[in-house]
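Visitor: I would like to see how this sequence folds:
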Amino acid sequence: MDYDALRLFLHLSRTLHFLRTSRACHVSPSALSRGIQRLERETGWPLFERDRRSVRLTPEGTRFAAHARETLERWDALERDLRGRRETLSGTIVLFASVTACQTFLPELLSAFRQRHPDIHIQLETGYAADALERLAEGHVDASVAAIPQRVPRALVARVLLHTPLVFAAPRAACEVERLCHRRPIPWAELPLVLPSSGQARQSADRWFRSRRIRPQVYGEIAGSEAILALVSLGCGVGIVPRIVLEESPLSSKVRVLDADDGQAALGEFRVGVCAQRKKLASPLVRALWESFSRFPTDGPRA
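Guide: Below is the predicted model:
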């Protein structure tokens with residue numbers, strides 16, 4: 001089996017974009033296409049569904065991706081042994097994190113890991129925090145920095161790194177929403193709300209309104225906290241985001257924390273941590289990353 005072809009295949013399975021993979025892996029688009037076609041001939045199955053607008057893994061492609069990852073992990077381990085470098089780890093580890101995590105606490109966490117394991121290449125992928133556990137469960141990444149639910153699936157292991165409260169974000173600019181936010185008591189039933197579409201933050205928001213028997217007027221349900229803040233800054237409504245996202249956002253000068261009548265603590269905390277598949281801890285690279293993060297204080301900083 002051509003290990004370079006497997007690496008190209010795995011990169012493409014994550015990006016689902018031929019041009020992006022060809023540029024990142026320094027191969028021509030035609031060479032990438034030929035390599036994928038060769039793998040498809042060898043397996044006897046189409047690995048990707050392609051049209052002019054999108055690229056998707058076939059069911060056989062998803063199974064082959066798991067095989068490719070395991071094959072490369074075994075090859076990396078064998079290569080280290082053959083070179084007599086058992087004490088020095090090398091290879092690539094794929095980590096998923098939100099943009100906010102990348103801009104705040106993640107560099108500090110990864111700094112110690114990089115110093116201890118300089119030969120491990122970190123491939124960092126970013127996206128919506130709500131997608132982190134799904135990307136992990138599907139095997140597209142080795143570890144995710146994500147919101148940690150109260151009940152972690154048995155197939156995963158998780159470690160909380162920091163706590164940050166969920167807050168209401170209101171616009172600073174003069175507008176109808178800003179005017180409503182200054183009324184006391186706050187007329188929640190009249191306020192347009194920009195809510196997280198899913199995940200821990202949405203569950204907390206639903207509990208908060210349900211406990212007060214408020215039927216929220218939903219302006220929009222948005223996947224990303226930064227997108228929520230963008231709509232809030234435009235005066236579209238009041239949003240719910242983790243405080244660390246609001247404070248680190250480029251829009252922080254255009255939004256403010258709205259102090260709810262009965263205190264912000266009622267919204268609850270947002271627990272952020274690192275997750276990995278339990279079986280992946282058998283990989284020396286994933287285990288090294290996990291042990292590096294485990295040196296971080298258990299309770300983590302409160303942001």
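
Visitor: list the contacts for residue 152?
Guide: Listed by CB atoms under 8 Å, 6 or more residues apart in numbering, the contact partners of residue 152 are 158, 275. For the C-beta atoms, the positions are set from N, CA and C on the backbone; glycine is no exception.

Visitor: what's the helix or strand for residue 160?
Guide: Counting by DSSP states H and E, the secondary-structure element that holds residue 160 is strand 156-171.

Visitor: Can you say which helix or strand has residue 289 in it?
Guide: Using DSSP H and E, residue 289 sits within helix 284-294.

Visitor: What average pLDDT does that helix get?
Guide: The average pLDDT within helix 284-294 is 87.

Visitor: Likewise for stretch 145-156?
Guide: Here the average pLDDT along stretch 145-156 is 84.

Visitor: Could you tell me the angle between the strand holding residue 160 and helix 284-294?
Guide: Inter-element angle recorded for strand 156-171 and helix 284-294: 50 degrees (by axes from the mean of the first three to the mean of the last three CA atoms, to 10 degrees).

Visitor: Return the distance of strand 156-171 from the chain's centre.
Guide: Between the centre of strand 156-171 and the centre of its chain there are 13 Å (CA atoms, centre = their mean, to the nearest Å).

Visitor: which ones are touching residue 278?
Guide: 154-157.

Visitor: how about the strands of this structure, start to end?
Guide: 48-50, 55-57, 91-97, 120-126, 143-147, 156-171, 192-196, 217-222, 238-242, 255-258, 269-277 (DSSP state E).

Visitor: Just give the number of residues close to the closest residue to residue 280 other than its chain neighbours.
Guide: By the measure of CB to CB, 6 or more residues apart in numbering, the closest residue to residue 280 outside its immediate chain neighbours is residue 286, 4.6 Å from it. Using other CB atoms under 10 Å, residue 286 has 20 other residues around it.

Visitor: With residue 138 instead?
Guide: Using other CB under 10 Å, residue 138 has 14 other residues around it.

Visitor: hang on, the earlier thing: just the angle for the strand holding residue 160 relative to strand 238-242, thanks.
Guide: Using the same axes, to 10 degrees: strand 156-171 against strand 238-242 is 150 degrees.

Visitor: Touching, residue 104 and residue 248? I think so.
Guide: Yes - if you go by CB atoms under 8 Å, residue 104 and residue 248 touch, sitting 5.5 Å apart.
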